[in-house]
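# Here is the input, now give the coordinates:
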Amino acid sequence: MQAQMPAQGRGPGIDPHSTHQGRSYLIGLGYAVALTLSSFWAASTHAVYAPAVPVLLGVLAIAQMGVHLAFFLQISSAPDQANNFFALIFGVFISALVIIGSITIMSNLNHSMMSMDQLMQMQR
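From the prediction side, this is the model:
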């Protein structure tokens with residue numbers, strides 16, 4: 001009889017031999033709700049130093065994405081999850097490429113645009 005090795009690299013609360021998958025989703029839901037409520041609190045309170053609010057919201061957003069990846073999409077570092085991980089990295093790369101390219105194009109257009117005074121002179 002072969003001893004069963006513990007699952008390594010699995011997402012939190014994920015056991016392939018268990019029928020309690022709903023528990024993982026409930027834990028993830030609890031974390032997601034807590035992070036969402038804390039984001040709304042951080043945006044509306046004066047208890048946080050005002051220039052630090054965008055940084056705090058960014059950190060909470062990244063934590064929210066981590067919760068969604070781990071608990072709902074069940075992306076982990078398991079060897080059988082390599083394709084999912086690479087697909088995620090590719091999606092992040094393409095999204096970053098589109099966002100950075102759009103910002104670059106808009107910045108270039110803004111720089112090349114005529115001022116309002118020049119536009120008014122052309123209309124006369």
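# Domain map for the protein?
21-74, 78-124 (automatic domain parsing).
# Of those domains, which stretch is the most buried?
For those, ranked by mean neighbour count under the definition mean count of other Cβ atoms under 10 Å, the leader is domain 21-74 at a mean of 14. Yep, even glycine has a C-beta here, placed from its N, CA and C like the rest.
# before we move on, back to that, what would the domains of the chain look like in CSV with mean pLDDT?
Shown next, in CSV, are the domains of the chain (pLDDT from 0 to 100):
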stretch, mean pLDDT
domain 21-74, 93
domain 78-124, 90
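# any idea which helix or strand comes after the strand or helix carrying residue 109?
If you go by DSSP states H and E, residue 109 is part of helix 82-112. Next along the chain after helix 82-112, taking DSSP H and E as the criterion, comes helix 116-123.
# which residues touch that next one?
In this structure, residues lying in contact with helix 116-123 by Cβ atoms under 8 Å, 6 or more residues apart in numbering are residue 114.
# Return the distance of it from the chain's centre.
43 Å (Cα atoms, centre = their mean, to the nearest Å).
# Also stretch 34-51?
18 Å.
# pull the CA atoms of it into PDB?
Output in PDB follows, covering the C-alpha atoms of stretch 34-51 (Å, rounded to 0.1, in the frame of the first residue of the first chain):
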ATOM      1  CA  ALA A  34     -14.000  42.300   3.900                       C
ATOM      2  CA  LEU A  35     -11.600  43.800   1.300                       C
ATOM      3  CA  THR A  36     -14.400  45.600  -0.500                       C
ATOM      4  CA  LEU A  37     -15.800  47.100   2.700                       C
ATOM      5  CA  SER A  38     -12.400  48.200   3.800                       C
ATOM      6  CA  SER A  39     -11.800  49.900   0.400                       C
ATOM      7  CA  PHE A  40     -15.000  51.800   0.800                       C
ATOM      8  CA  TRP A  41     -14.000  52.700   4.300                       C
ATOM      9  CA  ALA A  42     -10.600  53.900   3.200                       C
ATOM     10  CA  ALA A  43     -12.000  56.100   0.500                       C
ATOM     11  CA  SER A  44     -14.500  57.800   2.700                       C
ATOM     12  CA  THR A  45     -12.700  58.200   6.000                       C
ATOM     13  CA  HIS A  46     -10.400  61.000   7.300                       C
ATOM     14  CA  ALA A  47      -8.500  58.500   9.600                       C
ATOM     15  CA  VAL A  48      -6.100  57.700   6.700                       C
ATOM     16  CA  TYR A  49      -3.500  60.300   5.600                       C
ATOM     17  CA  ALA A  50      -5.000  61.800   2.500                       C
ATOM     18  CA  PRO A  51      -2.100  61.300   0.100                       C
END
